[in-house]
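# Next input, structure requested:
(2 chains)
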Amino acid sequence: MAPTKQAAIVGVYLTEQAVQIDRSSQSLQLEALKGALADAGLEAKDLDGIIATGGESDAGRWSRQLGKPLVDAGKSCMGATAVAEAVAHINAGLCEVVVVVHGNSGFRIGPDQVRWSGSVVPDKAPRLDEWNASVWGMYIIPWYAQMARRHMYEFGTTSEQLANVAVTFRHHATLNPRSIMGKRGTITIEDVLNSRMVCEPLHLLDCCLANHGAYAFVVTTAERARNLKKKPVYVLGAASAVWNSPYEDLTPNYYPSPATITGPKAMAQAGVTHDDLDVLGIYDCFTITVVRLMEDLGFCKLGEGGSFVAEGNLTLNGKWPTNLDGGLLSHSHNGLPGGMHVVEVVRQLRGEVEPQRQVPNAKIGFCHDQGFAVLGRHGSCVLAVD
Amino acid sequence: MTTQQKPLKPLPTPSRENKPFWDGLKQHEFRLQLCKACGSYRWLPKPACPNCLSEDTEWVKASGEGTLWTYSTVYRAGPAFADDIPFITAIVELKEKPLKCLVLSWLVNCKLEDVYVGMPVKVAFEAIPNEDITLYKFVPA
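Numbers count the residues shown, from 1 in each chain, chains lettered A, B, ... in the order given. Below you'll find the model as predicted:
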């Protein structure tokens, strides 16, 4: 039995992605929203649902901006999770055309997350929530570094193996003229290992970018998609799950993560297995993130992620070409970047990226996003073209 | 008003529910919630036992002992932590069972080259000057 076409992604758009963009977050988001609608051949009046997070954006503000009530169709980390939320709302009949939009021009991923108002440093220590990890000087990178260290301890994973992820996605970035790091050229494993240690065992080049930019994509019914401008990219499966409170409670164990739930669910809905997938978009905030996700999504066994990436499976000519835009590591991480992978996989399935990074005849794609350090929140989706 | 040249490290805000924990630190006790229904310890503190959802709980003095479950040596940190670089963030698995109690803190009084996953550690207490709070850290056992 052919899988159900649950919905379709009909429009995608990326603004410029750059280290600094001298525009407001809202300006970037508006450009992305208009661009995704135009890509689909739709207008703002066609929208009736929105998923917008990050910065000061939210569904309520967008409803005022667009001059009409909207369905608040989700609060997600904006990639495959947002696809799952949009599809659920559309199939429940709550809305018909959902735009997912994120962008910002103020994002930093560094350790200076604890800020004070005003210019004078207070003479009393600032008080945070009861279990806020910033008390321990924690920020995003130490969380993932701790996961990498544990993985090395349990499975013998090496820094060289992790470096393969950064090397592969940098190569893809060099094939993408719009990527931030591509113009700097390819890197070697030695380059990654020789980059400065940020939070041991993660080097600078094990870490993603932190930059400005926006994206948007539009989801609607499969039926409506057939009469729009571009070839529909159908959603055949989508799922999400959560398993910790962000940056506070610790998942009792890093294994298994909820990716072991969302991946099989999305693939079962779609009636596909790993071998059917032509192109992947996998959340790559750090090299270790990709290693862990490939394990929990079942592309390899738990503990074998290091050797799996070192074997070249994720390269353009590998078994599962992944993040052909350069990913968060070398294309762009604009704050809540899960949707970047969705945009890239949609373009791959449409066959409209630059020839040098196009997966030939790609028919079925898979996207996975995660968030809530570490591996706390997940979404998976299977996308396909006729 | 005097101002510091350097920002002070942020501190947690103890809740009324978990006052016994924070009071325990001042008395150099690391306390855990023990479920009176099923006998599970839990961390972080929660209103109910994640094993059986019972709210019948008592705060007990824990061993304060465990092993280093994972760690990171941090070379880049915010201005409040600049003087501490490099420091070791640590996740410690406490002795108490059966649920895994994984506590995030720092490993101190330990040379960087001596740290390893699985090393025995014990809790230490740090009263914060000019503040009504004591924090918990870990040291080699």
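
# how about residue 69, what does it touch?
No chain specified, so I'll use chain A. A:Ser63 (CB atoms under 8 Å, 6 or more residues apart in numbering or on different chains). Yep, even glycine has a C-beta here, placed from its N, CA and C like the rest.

# Wait, chain B was what I had in mind.
A:Arg150, B:Ile91, B:Val92, B:Glu93, B:Leu102, B:Val117.

# in a strand, that's where A:Cys367 is, yeah?
Yes. Checked against DSSP: H, G, I helix; E, B strand; the rest coil, A:Cys367 lies within a strand.

# all helices of the chain, in order?
No chain was given, so I picked chain A. A:25-40, A:59-66, A:80-91, A:140-155, A:159-174, A:189-194, A:222-225, A:259-270, A:287-296, A:305-310, A:338-350 (DSSP state H).

# wrong one, chain B
B:19-26.

# returning to that earlier point: of all the helices of chain A, which one comes closest to chain B?
Chain B sits nearest to helix A:140-155 of all the helices of chain A, at 3.7 Å, using CB to the nearest CB.

# quick check: mean pLDDT across that closest one?
Helix A:140-155 shows a mean pLDDT of 96.

# now do stretch A:371-380
On average, stretch A:371-380 scores 88.

# Briefly note if that stretch comes near chain B.
No. When contact is scored as CB under 8 Å from any CB of the partner chain, no part of stretch A:371-380 falls within range of chain B; the minimum is 10.7 Å.

# Tell me how far that stretch lies from the chain's centre.
10 Å (CA atoms, centre = their mean, to the nearest Å).

# That stretch: end-to-end distance?
12 Å (CA to CA, to the nearest Å).

# Quick check: pLDDT value at residue 58.
Since no chain was named, I'll use chain A. 76.

# looking at chain B here, not the other one
B:Glu58 is given a pLDDT of 97.

# ok, it - contacts?
B:Glu58 makes contact with B:Gln33, B:Leu34, B:Lys36, according to CB under 8 Å, 6+ apart.

# And for residue 15, nearest residue in space, chain neighbours not counted?
I'll assume chain A. When the adjacent residues along the chain are set aside, A:Thr15 lies closest to A:Ala214, with 4.5 Å between them (CB to CB, 6 or more residues apart in numbering or on different chains).

# wait, chain B
A:Glu130 (5.2 Å).

# so where's the stretch 251-386 of chain A uncertain?
A:251-253 (pLDDT under 70).

# same deal with the stretch 101-250 of chain A?
A:107-122, A:250.

# Now do the strands in it.
Using DSSP state E, counting those that start in this stretch, the strands of the stretch 101-250 of chain A run over A:127-128, A:197-200, A:202-203, A:213-220, A:233-242.

# Tell me if I'm right that the residue nearest to A:Thr15 and A:Met78 touch.
No. Contact status for A:Ala214 versus A:Met78: not in contact, 10.9 Å apart, counting by CB atoms under 8 Å.

# which neighbours do those two share?
A:His102.

# which regions of chain B lie under the pLDDT threshold?
B:1-5.

# 50 instead, please
Applying pLDDT under 50 to chain B picks out residues B:1-2, B:4.

# what ranges do the strands span in it?
B:11-12, B:31-35, B:41-42, B:57-61, B:65-74, B:87-94, B:102-107, B:120-127, B:134-140 (DSSP state E).

# The fifth one vs strand B:134-140, what angle?
Which is strand B:65-74. Angle of strand B:65-74 versus strand B:134-140, following axes from the mean of the first three to the mean of the last three CA atoms, to 10 degrees, is 90 degrees.

# if I look at A:Met181, how far off is A:Ser332?
Look at A:Met181 and A:Ser332: by CB to CB, to the nearest Å, they are 9 Å apart.

# One more: A:Cys207?
14 Å.

# got it, and A:Gly41?
26 Å.

# Equivalent analysis for B:Ala82, please.
29 Å.

# Of the two, which one has the most company?
A:Ser332 (32 against 13; other CB atoms under 10 Å in any protein chain shown).

# and that one, what are its phi and psi?
Backbone geometry at A:Ser332, expressed as degrees, to the nearest 10, gives phi -170, psi 130.

# Next up, the contacts around it.
A:Gln17, A:Ser179, A:Ile180, A:Leu209, A:Asn211, A:Gly213, A:Gly326, A:Met340.

# What is the neighbour count of the second one?
Residue crowding around A:Ser179 was assessed by other CB under 10 Å; the count is 24.
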